[in-house]
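Participant: fold the following and give me the result.
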Amino acid sequence: MNRLLIAAAFSLCLSGAAFAGSAEDLLEADRAFSAMSASEGTARAFVAYAADDARMFGTGGAPKFGKAALEAYYATPEGMAEAAAGRLVWEPSEGFVSKDGLMGWTHGTWIFTTAPDASGASMTATGHYITIWREEADGSWKVVADMGTAMPPPAAPQ
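Facilitator: So this is what the prediction gives:
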């Protein structure tokens, strides 16, 4: 009987559910995604973290359907200009993982700071985002959908 219990416990440990991701793993992936955006640029980060079937919805422009479309966009003059326009970072507020541990979502706030202009001045925009994630066979989390909204600029002083 003890051998049967040990065998059952061992097989449960080897099942997919035992290796499914946690909310903390997901938040860690989102923070690493933001850190890569800060250090290597938005284009590299989004391409690296996008699933092959990703759907990207920005605060402007047409959505990008699929990692290949995202890579193609960043290879265009418009995409290169967007990627070089400044620095995008974010911080997740919460992360949730499905009961089976294979899908999840994070949301939080983002900050985009433009590259300095000729006078050295830069501008900042902020907003909220939601990212839908899928855990891949290798245990990594990949973005399957991402959407951001912009906060209105602060009112001018009266």
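
Participant: please enumerate the helices of this structure.
Facilitator: Using DSSP state H, the helices of the chain run over residues 2-14, 23-40, 42-49, 67-74, 77-84.

Participant: closest one to H107 among those?
Facilitator: Nearest to H107, of all those, is helix 23-40, at 9.4 Å by CB to CB. Bear in mind the C-beta positions are built from the backbone N, C-alpha and C, glycine included.

Participant: quick one: low-confidence parts of this protein?
Facilitator: 1-20, 59-60 (pLDDT under 70).

Participant: Y129 is in contact with M147, correct?
Facilitator: Yes: the criterion here is CB atoms under 8 Å, and M147 meets it with Y129 at 6.7 Å.

Participant: of the two, give the one with the bigger neighbour count.
Facilitator: More crowded of M147 and Y129, by other CB atoms under 10 Å: Y129, with 22 against 16.

Participant: just give the nearest non-adjacent residue to that one, would you?
Facilitator: Leaving out its chain neighbours, the residue that sits closest to Y129 by CB to CB, 6 or more residues apart in numbering is G148, at 4.2 Å.

Participant: and R134, by the same measure?
Facilitator: Using CB to CB, 6+ apart, the closest residue to R134 is V144 (4.9 Å).

Participant: T149: neighbouring residues, count only.
Facilitator: Using other CB under 10 Å, T149 has 12 other residues around it.

Participant: my bad, should have said S98
Facilitator: Residues near S98, counting by other CB under 10 Å, number 14.

Participant: hmm, the residue nearest to Y129 is touching M56, no?
Facilitator: No: here G148 lies out of contact with M56, judged by CB under 8 Å, at a distance of 9.5 Å.

Participant: so the two - more neighbours on which side?
Facilitator: Between G148 and M56, counted using other CB under 10 Å, the more crowded position is M56 (23 against 19).

Participant: sorry, back to before: closest to T109 out of the helices of the chain?
Facilitator: Nearest to T109, of those and by CB to CB, is helix 23-40 at 10.8 Å.

Participant: list the buried residues in that closest one.
Facilitator: Using 16 or more other CB atoms under 10 Å as the test for burial, helix 23-40 gives D25, L26, L27, A29, D30, R31, F33, S34, M36, S37.
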